[in-house]
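Novice: Here is my input, please return the structure:
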Amino acid sequence: MPTLFDDVLTTPQPWSQQVIAEWRDVFPAQHGASLDDFVVREYRRRNALMDMRSVVGQSEHYAGQSWRDAALAPQYKPGKMRAVFAQYERNPDYYFNGELDNGIVLSSIDGHDWYTDGGGNHRTVLAKFACDRIARRTGRYPLVQGVSTCRYEPDMQAWRLFCQLQQRHAQLISVAVTREDRQRTDVAGATDISWRLRFFVLDRRFGGIGIPRAGHLDAACFCAYARHVLAHDGKPSWRDRVLDRLIGDPDRLVYQSVA
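Specialist: Numbering: from 1, shown residues only. Presented below is the predicted three-dimensional model:
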């Protein structure tokens, strides 16, 4: 019987021409911060099942190559790629009976598109081809058993408002974000971690020689502040200027707060 490597070589599949995406591109960095700084929850699972059609990329290694090129002419450790194909011929059940034992580590921010991040880049490439060949032969696409997954949940609303605020008004408004109050819950095979976002805002929009306004805000208040500033194109409204004169404490920001 032809080996899996022979099948990859002689029977190219359309999906295998897709370029392996780069995991780092999922966490863009702008204006001194990264989307990674806005992650408020992580959901980690061990020994999970995975449909390898959902795996679209990797962290470095073969990112930028097609899946087929990664198998046939790998740009990273070609000897290791040959070794996992040889191992598969000796033990083809390895990926489907739990022996994998978290030997593939996958990450996602939406639970739909997954990326190898932290281990198993070679195994990921092989597993996609192995599952595809089994599906063509049996009509059933198998799930890989024994995958470690981590789904990240960023506060996308806060991230988008942060980017808009800094893109339009960075000369007058400085924003720094931190994560605090880390909470962790562990149960068998699962770990959930959460944080709260905290923003420090320095607002110089009111001019004059006085001290700029500054304040610490939670995520909801930061979003309200950013929406208020953006709605007025960064210019203090008449009401804002009145409040600026009435509020003597410079450690309070002027904006329409959340209800």
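Novice: unless I'm mixing things up, Leu49 is touching Leu143, no?
Specialist: Yes: if you go by CB atoms under 8 Å, Leu49 and Leu143 touch, sitting 4.3 Å apart. Where you see a C-beta, it was placed from the backbone N, CA and C, and this is true even at glycine.
Novice: Now do the most centrally placed residue in the chain, the pLDDT please.
Specialist: Centroid-nearest residue in the chain: Ile109, 4.3 Å away (criterion: CA atoms, centre = their mean). Here the pLDDT value assigned to Ile109 is 96.
Novice: Correct me if wrong: it contacts Asp155.
Specialist: No: if you go by CB under 8 Å, Ile109 and Asp155 don't touch, sitting 11.5 Å apart.
Novice: out of everything not next to it in sequence, what's closest to the residue nearest to the centre of the chain?
Specialist: Tyr152 (4.9 Å; CB to CB, 6 or more residues apart in numbering).
Novice: for Phe129, same thing?
Specialist: Closest to Phe129 by CB to CB, 6+ apart is Val8, at 5.3 Å.
Novice: Quickly find the element holding the one you found.
Specialist: Using DSSP states H and E, Val8 sits in helix 4-10.
Novice: before we move on, the earlier item: count the neighbours of the residue nearest to Phe129 for me.
Specialist: Residues near Val8, counting by other CB atoms under 10 Å, number 25.
Novice: Quick check: it touching Arg68?
Specialist: Yes: with contact defined as CB under 8 Å, Val8 and Arg68 form a contacting pair (6.4 Å).
Novice: okay, and the common contacts of these two?
Specialist: Counting by CB atoms under 8 Å, 6 or more residues apart in numbering, the shared contacts of Val8 and Arg68 are Ser16.
Novice: from the chain's centre, how far out does the next helix or strand after the helix holding Val8 sit?
Specialist: Of the helices and strands lying after helix 4-10 in sequence (DSSP H and E), the nearest is strand 21-22. Centroid separation for strand 21-22 versus its chain: 11 Å, with CA atoms, centre = their mean, to the nearest Å.
Novice: ok, strand 21-22: who's next to it in the sheet?
Specialist: Paired strands of strand 21-22, with direction, are strand 55-58 (parallel) (DSSP bridges).
Novice: Show me what the lengthiest helix in the chain is packed against.
Specialist: If you go by DSSP state H, the chain has its longest helix at helix 121-138. Applying 3 or more CB pairs under 8 Å, 6 or more residues apart in numbering; DSSP states H and E, one finds that helix 121-138 contacts helix 4-10, strand 55-58, helix 67-72, helix 78-90, strand 104-108.
Novice: Please compute how far it lies from its chain's middle.
Specialist: With CA atoms, centre = their mean, you get 25 Å for helix 121-138.
Novice: Run through who's touching the next helix or strand after it.
Specialist: The helix or strand immediately downstream of helix 121-138 is strand 144-154, counting by DSSP H and E. Outside strand 144-154, the residues within contact range by CB under 8 Å, 6+ apart are 35-36, 38-50, 52, 95-111, 114, 117-119, 127, 131.
Novice: Might one say that Asn47 is in contact with Asn102?
Specialist: Yes: with contact defined as CB under 8 Å, Asn47 reaches Asn102; the gap is 6.4 Å.
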